[in-house]
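> Model the following, please.
(one chain, ligands or ions: 1)
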Amino acid sequence: EQIEKNGYDHFMLKEIHEQPEAIKDTYRGRLRINEGIIKMAGIEDNLEKILKANRIIIVACGTSWHAGLVAEYIFEDLVRIPVEVEYASEFRYRNPVITSNDVVIAISQSGETADTLAAIKLAKQNGAFVFGVCNVVGSSIARESHAGAYTHAGPEIGVASTKAFTTQITVLTLIALKLAQSKGMLSKTEFQQYLAEMEAIPAKVEKCLKIDDHVKYISSIYKDSPNFLYLGRGYNFPVALEGALKLKEISYIHAEGYPAAEMKHGPIALIDEQMPVVVIATKKGHYEKVVSNIQEIKSRKGKIIGIVTEGDEEVRSMADFVIEVPETLEGLTPLLTTIPLQLLSYHIAVMRGCNVDQPRNLAKSVTVE
Ligand code: G6P
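Sure thing, here's the model as predicted:
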């Protein structure tokens with residue numbers, strides 16, 4: 001086991017650090033900058049069907065569901081096809097309206113989650129086209145889907161999903177870009193810019209990993225807090241949900257993720273000097289509005305940990321701590337803002353003496369209801 005951990009204390013930490021390579025593996029062969037194309041057989045073979053879909057329904061569970069939420073933003077933004085994101089467990093039992101004009105995308109690291117599998121079987125019975133985004137090759141969901149794309153993240157051992165999440169977002173972004181290009185929704189320059197930025201992501205993730213000591217220090221300050229709040233907007237709202245989930249899963253600290261603007265409809269009542277609030281406030285993506293949320297938190301004496309774009313001064317002047325991530329296109333920010341949140345939950349869990357790789361009551365793959 002020590003050998004498999006490759007010098008890291010835990011599989012989770014190893015997998016967090018594998019993300020630059022994993023993301024590269026995900027886009028390798030697909031992202032063809034010189035040719036100005038994205039190559040994805042599963043999409044190309046079914047292009048017409050997907051492009052004429054009335055809507056895309058994404059079904060998933062857990063962290064994969066969060067990747068689905070990020071995809072909703074990018075698909076609607078770039079492809080202009082309506083997207084619904086469903087918990088597979090709810091979708092399968094609520095007599096959903098599914099037609100042969102729907103495309104269902106199932107996202108699953110393991111490809112074995114019982115609810116997700118049942119959801120796609122139901123979708124198929126109702127004539128929908130099912131596209132699987134899985135990590136495990138030959139898994140049940142991959143086999144049950146009409147077509148699909150693998151994430152190629154490599155084996156993920158830690159129960160809390162890390163590299164599976166960022167590679168899911170990578171694949172889903174490639175799909176969105178490919179569809180957007182085929183539909184003529186992006187200019188050649190915009191498309192090329194996306195490809196170039198995507199190619200630059202692994203090096204930027206590497207940069208996010210380098211500030212680990214700083215994140216560790218912040219973790220030592222807040223490790224005994226009984227509650228955490230995570231806020232984000234737009235593309236970074238699902239990242240806030242994922243950050244909170246990660247903390248809950250491995251440190252057993254109660255954490256809630258919320259869209260920043262919804263704070264005033266409830267969570268603001270929880271804020272006092274005991275409450276750490278992690279706010280994702282990158283420059284692109286409703287920055288000024290998130291800054292005003294930070295002011296509201298500050299005036300209620302909440303502790304602010306800001307996830308900001310490199311060089312940011314405004315949030316720095318208000319926050320207790322900031323963690324910088326490199327600049328990128330708004331649609332790609334989740335691939336960067338996720339990283340410090342993974343590290344934060346990892347360090348807090350380790351400092352609290354928790355079993356990070358195998359948290360209590362959780363399973364890597366939930367193959368029963
Ligand atoms: C379990 C795991 C999570 C995972 C979820 C969905 O709850 O602990 O990490 O996100 O299942 O799993 P899947 O394999 O379908 O992505």
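> Show the subsequent helix or strand relative to the helix or strand harbouring Thr166.
Secondary structure assignment for Thr166, by DSSP states H and E: helix 163-182. Using DSSP H and E, the helix or strand that follows helix 163-182 in sequence is helix 188-210.
> Buried residues, that following helix. List them.
By neighbour count on 16 or more other Cβ atoms under 10 Å, the buried set for helix 188-210 is Phe191, Tyr194, Leu195, Glu197, Met198, Ile201, Pro202, Lys204, Val205, Lys207, Cys208, Leu209. Every residue, glycine included, has its C-beta placed from N, CA and C.
> contacting residues around the third one?
What it means is Leu195. Shown in contact with Leu195 (Cβ atoms under 8 Å, 6 or more residues apart in numbering): Leu31, Ile33, Gly36, Ile38, Leu177.
> ok, 7 Å please
Going by Cβ atoms under 7 Å, 6 or more residues apart in numbering, Leu195 touches Leu31, Ile33.
> CA-only coordinates of stretch 282-293 in PDB, if you can.
Provided in PDB are the C-alpha atoms of stretch 282-293 (Å, rounded to 0.1, in the frame of the first residue of the first chain):
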ATOM      1  CA  THR A 282     -12.700  35.100  -8.800                       C
ATOM      2  CA  LYS A 283     -12.500  38.100 -11.000                       C
ATOM      3  CA  LYS A 284     -14.600  36.800 -13.800                       C
ATOM      4  CA  GLY A 285     -18.000  35.800 -12.600                       C
ATOM      5  CA  HIS A 286     -20.100  38.300 -10.700                       C
ATOM      6  CA  TYR A 287     -17.100  39.600  -8.800                       C
ATOM      7  CA  GLU A 288     -18.600  42.800  -7.600                       C
ATOM      8  CA  LYS A 289     -21.700  41.100  -6.300                       C
ATOM      9  CA  VAL A 290     -19.700  38.500  -4.400                       C
ATOM     10  CA  VAL A 291     -17.600  41.300  -3.000                       C
ATOM     11  CA  SER A 292     -20.700  42.900  -1.600                       C
ATOM     12  CA  ASN A 293     -21.600  39.500   0.000                       C
END
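> what residues does that stretch touch?
Residues contacting stretch 282-293 (Cβ under 7 Å, 6+ apart): 231, 233-236, 260-261, 263, 279, 281, 307-309, 312, 314-315, 325, 327, 330, 333, 337.
> Buried only: go through these for me.
Going by neighbour count (16+ other Cβ under 10 Å), the contacts of stretch 282-293 have 231, 233-236, 260, 263, 279, 281, 307-309, 312, 315, 325, 327, 330, 333, 337 buried.
> Restricted to strands, list these.
Leu231, Val279, Ala281, Ile307, Val308, Thr309, Val325 (DSSP state E).
> Next, find the distance separating the fourth one from the ligand.
Spelled out, it's Ile307. To the ligand, Ile307 is 21 Å away according to Cβ to the nearest ligand atom, to the nearest Å.
> Over to the third one?
Ala281 sits 26 Å away from the ligand, taking Cβ to the nearest ligand atom as the criterion.
> Name all residues that make contact with that residue.
With Cβ under 7 Å, 6+ apart, Ala281 has these contacts: Tyr287, Val290, Val291, Ile294, Gly306, Ile307, Val308, Val315.
> Quick check: the farthest pair among the residues you listed?
Val291 and Ile307 (13.0 Å; Cβ to Cβ).
> Can you report how many residues lie near the residue in the stretch 51-200 of the chain positioned nearest to the ligand?
Proximity of the stretch 51-200 of the chain to the ligand (Cβ to the nearest ligand atom) peaks at Gly62, 2.8 Å away. Gly62 has 23 neighbours, counted by other Cβ atoms under 10 Å.
> Over to Arg32?
Arg32 sits with 12 neighbouring residues when counted by other Cβ under 10 Å.
> List the contacts of it.
Ile38, Lys39.
> hey, what's it bridged with?
Under DSSP bridges, the beta-bridge partners of Arg32 are Ile37.
> so what's it scoring on pLDDT?
We note a pLDDT of 97 for Arg32 in this prediction.
> Which of the helices or strands spans the closest residue to the ligand within the stretch 201-350 of the chain?
Here the stretch 201-350 of the chain gets closest to the ligand at one residue, Glu249, 7.1 Å apart by Cβ to the nearest ligand atom. Assigned by DSSP H and E, Glu249 falls within helix 237-251.
> Might one say that Ile16 is in contact with Leu344?
No - counting by Cβ atoms under 7 Å, Leu344 is not a contact partner of Ile16; they are 10.9 Å apart.
> Which positions in the chain make contact with the ligand?
With the criterion set to Cβ under 6 Å from any ligand atom, the chain comes near the ligand through 61-64, 108-110, 113, 116, 159-161, 362, 364-366.
> And the residues you listed, which of them are buried?
The buried subset of the residues of the chain next to the ligand (16+ other Cβ under 10 Å) comprises 61-64, 108-110, 113, 116, 159-161, 364, 366.
> what's the most distant pair in those?
So, these by Cβ to Cβ: farthest apart are Thr116 and Ala160, at 18.2 Å.
> In contact with Asp357, which residues are there?
Contacts for Asp357 were tallied using Cβ under 7 Å, 6+ apart; they are His10, Phe11, Met12, Ile157, Gly158, Val159.
> Quick check: the fifth one touching Met12?
Spelled out, it's Gly158. Yes - applying Cβ under 7 Å, one finds Gly158 in contact with Met12, separated by 3.5 Å.
> With neighbour numbers in mind, choose between those two.
In this view Gly158 and Met12 are compared by other Cβ under 10 Å, and Met12 has more residues nearby, 29 against 23.
> Going toward the C-terminus from the host helix or strand of that one, what's the next helix or strand?
In the assignment (DSSP H and E), Met12 maps to helix 11-17. Using DSSP H and E, the helix or strand that follows helix 11-17 in sequence is helix 19-27.
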